[in-house]
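Visitor: Would you be able to build a 3D model of this:
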Amino acid sequence: MSAWAWRGVLAGLALLLWGPFLARGQSYVGKGHRVLDGDTIYLLRETGQIVRVELYGIDAPERGQPFADAAARAVRRVVFRTDVRARAETDGPDGRSLFVVRVDDRVLNEHLLRRGLAWWDRRQAPHADRYRRLEQRARANERGLWAQPDPVPPWTWRGRDHR
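Guide: Residues are numbered from 1 along each chain as shown. Okay, the predicted model is just below:
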């Protein structure tokens, strides 16, 4: 095998081994441009690039679920046309980066949990004790979606037919 072929093999192997760690630390700064739902926003960067940002460690209600509109409104109030910093924490199961989003000193992910407008997503963030505690506190105080008798998590809702 030629030297160039070996370099390609080594580069591919390095990417395979280090790929999962590359997303962590990726960051964006921009203005809140659009809110898709309670856990997905779009940022407008100074370069003019629009980037999709999915929130790490939480899962907000889906469209059609109780509190979906309230979650999206809460996100819009915090981020719309405001300076936003997003830092990738990990990759989701579909390979997309998941972000912790900050506006000034407020962490949007935590804000939604605190207000009872999202679930702590144990699959994405199994060791996020702070997220676990925030969800427990919102449940205990029956905030937001936790005021319902039996709230259905979005991952269960998505598995049902809601057309």
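
Visitor: Setting the sequence-adjacent residues aside, check what's closest to the residue nearest in space to the middle of the chain.
Guide: Computing the C-alpha centroid of the chain and ranking residues by C-alpha atoms, centre = their mean puts Leu55 first, at 1.1 Å. The shortest distance from Leu55 to any non-neighbouring residue, by C-beta to C-beta, 6 or more residues apart in numbering, is to Asp39 (4.4 Å). For every residue, glycine as well, the C-beta is placed using N, CA and C.

Visitor: Burial check on that neighbour, number of neighbours?
Guide: Using other C-beta atoms under 10 Å, Asp39 has 29 other residues around it.

Visitor: same check, this time on Leu113
Guide: Counted with other C-beta under 10 Å, the neighbours of Leu113 add up to 28.

Visitor: Next up, identify which helix or strand it is on.
Guide: Assignment of secondary structure by DSSP states H and E places Leu113 within helix 108-114.

Visitor: can you list contacts of that helix?
Guide: With C-beta atoms under 8 Å, 6 or more residues apart in numbering as the contact definition, helix 108-114 has outside contacts at 38-39, 55-58, 60, 71, 74-75, 78-79, 100-102, 118, 120, 130-131, 134-135, 137-138, 143.

Visitor: Just the ones in helices from those residues, please.
Guide: With helices taken from DSSP state H, the overlap with the contacts of helix 108-114 comprises 71, 74-75, 78-79, 130-131, 134-135, 137-138.

Visitor: Closest one of those to Lys31?
Guide: For Lys31, the nearest member of those is Val79. The distance, counting by C-beta to C-beta, is 8.4 Å.

Visitor: And the single longest strand found in the chain, how far out from the chain middle?
Guide: The strand spanning the most residues in the chain, taking DSSP state E as the definition, is strand 27-37. Relative to the mean C-alpha coordinate of its chain, strand 27-37 is positioned 12 Å out (C-alpha atoms, centre = their mean, to the nearest Å).

Visitor: Could the C-alpha coordinates of it be exported in PDB?
Guide: The C-alpha atoms that make up strand 27-37 are tabulated as PDB, following Å, rounded to 0.1, in the frame of the first residue of the first chain:
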ATOM      1  CA  SER A  27     -20.200  26.500  19.700                       C
ATOM      2  CA  TYR A  28     -22.300  29.200  18.000                       C
ATOM      3  CA  VAL A  29     -23.000  32.800  18.900                       C
ATOM      4  CA  GLY A  30     -25.900  34.600  17.200                       C
ATOM      5  CA  LYS A  31     -29.300  36.100  17.500                       C
ATOM      6  CA  GLY A  32     -32.400  33.900  18.200                       C
ATOM      7  CA  HIS A  33     -33.900  33.900  14.700                       C
ATOM      8  CA  ARG A  34     -36.700  31.300  14.800                       C
ATOM      9  CA  VAL A  35     -38.300  28.900  17.300                       C
ATOM     10  CA  LEU A  36     -39.300  25.600  15.800                       C
ATOM     11  CA  ASP A  37     -40.700  24.200  19.000                       C
END
